[in-house]
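Visitor: Sequence first, then the predicted structure:
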Amino acid sequence: MDCDIHRIAGNIIEMEMENGSHVKIVFSKEDNPEIENIVTNNLLMSYEQRIRKEA
């Protein structure tokens, strides 16, 4: 599944999925950017797995 990930503010990330759905993640301003990347990737992988099971 393809998705575009954009940082729309210092602590806000928006993901747009190929099916047109949007996911906005708001991290704490104190969060570590490396942790943000890990969380975002894990959420994306989980979402992809659920979509595949439903298909």
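Guide: Great, that's in hand. Residues are numbered from 1 along each chain as shown.
Visitor: Would you indicate which residues of stretch 18-30 are buried?
Guide: Neighbour-count burial for stretch 18-30, counted by 16 or more other Cβ atoms under 10 Å, picks out residue 27. Where you see a C-beta, it was placed from the backbone N, CA and C, and this is true even at glycine.
Visitor: What count of nearby residues applies to the closest residue to residue 40 other than its chain neighbours?
Guide: In space, and not counting its chain neighbours, residue 40 is closest to residue 13: 5.8 Å by Cβ to Cβ, 6 or more residues apart in numbering. Number of residues near residue 13 (other Cβ atoms under 10 Å) recorded here: 19.
Visitor: Residue 51 too?
Guide: Neighbour tally, residue 51, other Cβ under 10 Å: 14.
Visitor: who does the helix or strand containing it touch, helix- and strand-wise?
Guide: Take DSSP states H and E as the rule and residue 51 turns out to sit in helix 33-54. Taking 3 or more Cβ pairs under 8 Å, 6 or more residues apart in numbering; DSSP states H and E as contact, the helices and strands that helix 33-54 lies on are strand 3-9, strand 12-17, strand 22-26.
Visitor: Mean confidence (pLDDT) on it, please.
Guide: pLDDT averaged over helix 33-54 equals 84, rounded to a whole number.
Visitor: again, but for stretch 14-23
Guide: 84.
Visitor: Just give me how far it sits from the chain centre.
Guide: Averaging C-alpha positions (Cα atoms, centre = their mean, to the nearest Å) puts stretch 14-23 9 Å from its chain's average.
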